[in-house]
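In: coordinates only, sequence not included:
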């Protein structure tokens, strides 16, 4: 039995869900869904000077994030794993456990990458619901979805993406990036990159943060906040005494690649990139991560063949 919804009913369904959830529609948004689970700035606890007590913000109302494509669904599945091991992130899961993830995909799906429900396009005007969790099943209502034994299904092939195919060989990428430490491409990127951090902020998988204590203007409260940080920024690797382990943009940019393609592979068995394209679209210097990796991999293969 399939649950099918007409395209014109999707917004009405979302309006109905607002009775029980805060509905966040990310269709067309530049930033990924991670911002709702790892906010740009978040209070972890507040100390009240008068009562001398600590309080931790609570998130009581469930919310729903709608409109994730295939890349973002895969990213959320990976982010869940990152935030669970080796150490569980309390503040992430405080929000994540209150949420539902609904995908909206205009291509035919071979393997569901994650989420609670995925709306998969089956005709120009219809989507079928792929129900992946009990929470997802609970929001499928007969008022909006028709039950069909054998709905008409058209094939909508996913666009060919050579970069996505490259990402499938995580082991090769890890070996190539590690080998490339002294490659000339990092000198070129060190001159081209502005060190602005945009690539990390828009990435659905970058999750580095810094900690800062903030005192209220009336001096009555102190909040410990964590906020987005980026390994491409000059202060990220600076330690007490003023020493900076990655002084140059060249060093910082290589470190970013090393984390995403080497360290991630050894820790989780996969690269921390889902080919969403946001870093390419938003980079003011026009750097394309796919082209960087292709050059590195091609040269690494030449190196291996020459041995």
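Out: Structure's in. What do you need? Nothing here was measured: the structure is a model prediction, and the numbers come from that model. Numbers count the residues shown, from 1 in each chain.
In: scan the helices and strands of this protein for the one with the lowest mean pLDDT.
Out: strand 53-55 (a mean of 88; mean pLDDT, DSSP states H and E).
In: the following helix or strand past that one pairs with which strands, parallel or anti?
Out: Sequence-wise, the next helix or strand downstream of strand 53-55 (DSSP states H and E) is strand 63-68. Applying DSSP bridges to the sheet, strand 63-68 is found paired with strand 22-25 (parallel), strand 99-105 (parallel).
In: and strand 63-68, which residues are buried?
Out: For strand 63-68, the neighbour count (16 or more other CB atoms under 10 Å) marks 64, 65, 66, 67, 68 as buried. The C-beta positions use only the backbone N, C-alpha and C, and glycine is treated the same way.
In: which residues touch it?
Out: Here strand 63-68 makes contact (CB atoms under 8 Å, 6 or more residues apart in numbering) with 14, 17, 21-27, 29, 33, 36, 76, 98-104, 115, 139.
In: thinking again about what came up before, single out the most deeply packed of the strands paired with strand 63-68.
Out: Counting by mean count of other CB atoms under 10 Å, strand 99-105 has the highest mean neighbour count of these, with a mean of 23.
In: given the following helix or strand past that one, what are its sheet partners and their directions?
Out: Helices and strands here follow DSSP H and E; after strand 99-105, the next one along the chain is strand 117-123. Strand 117-123 has its sheet partners listed here by DSSP bridges as strand 99-105 (parallel), strand 126-131 (antiparallel).
In: in the protein, which helix has the most residues?
Out: The longest helix of the chain (DSSP state H) is helix 289-306.
In: which residues does it contact?
Out: By CB under 8 Å, 6+ apart, helix 289-306 touches 162-163, 166, 172-173, 175-177, 179-180, 183, 185, 189, 199, 257, 261, 273, 275, 279-280.
In: would you mark the buried spots in that helix?
Out: Buried, per 16+ other CB under 10 Å, within helix 289-306: 289, 290, 292, 293, 295, 296, 297, 299, 300.
In: one more: stretch 46-54?
Out: Neighbour-count burial for stretch 46-54 [16+ other CB under 10 Å]: 46, 47.
In: one more: stretch 174-194?
Out: Buried, per 16+ other CB under 10 Å, within stretch 174-194: 174-180, 183, 185-186, 189-190, 193.
In: and that stretch, how far from the chain's centre?
Out: 24 Å (CA atoms, centre = their mean, to the nearest Å).
In: got it, and stretch 204-215?
Out: That offset, for stretch 204-215, works out to 15 Å (CA atoms, centre = their mean).
In: buried ones in that stretch, by neighbour count?
Out: Under 16+ other CB under 10 Å, the buried positions of stretch 204-215 are 204, 205, 206, 207, 208, 209.
In: need these in TSV with pLDDT, distance to residue 225 and secondary structure, can you?
Out: Formatted as TSV, those follow (pLDDT from 0 to 100; distance: CB to CB, whole Å; DSSP: H, G, I helix; E, B strand; the rest coil):
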residue	pLDDT	distance to residue 225	secondary structure
204	97	22	coil
205	98	22	coil
206	97	18	coil
207	96	16	coil
208	94	15	coil
209	94	9	strand
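In: hang on, the earlier thing: any chance of TSV for the buried residues of helix 289-306, columns distance to residue 88 and pLDDT?
Out: Formatted as TSV, the buried residues of helix 289-306 follow (distance: CB to CB, whole Å; pLDDT from 0 to 100):
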residue	distance to residue 88	pLDDT
289	30	96
290	33	96
292	33	97
293	31	97
295	38	97
296	34	98
297	34	98
299	40	97
300	36	98
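In: just the closest of those residues to residue 92, please.
Out: Taking CB to CB as the measure, residue 289 is the one of the buried residues of helix 289-306 closest to residue 92, at 25.1 Å.
In: one step back: quick one: mark the members of the buried residues of stretch 174-194 that sit in helices.
Out: 174, 175, 176, 177, 178, 179, 185, 186, 189, 190.
In: and the last one, how close does it get to residue 249?
Out: From residue 190 over to residue 249 the distance is 5 Å, taken as CB to CB, to the nearest Å.
In: equivalent analysis for the fourth one, please.
Out: Computed as CB to CB, the residue 177 to residue 249 distance reads 17 Å.
In: now do the fifth one
Out: In this structure, residue 178 and residue 249 are 20 Å apart, going by CB to CB.
In: do the same with the second one
Out: Look at residue 175 and residue 249: by CB to CB, they are 24 Å apart.
In: again, but for residue 13
Out: Applying CB to CB, the value for residue 13 to residue 249 is 47 Å.
In: alright, that wraps it up for me.
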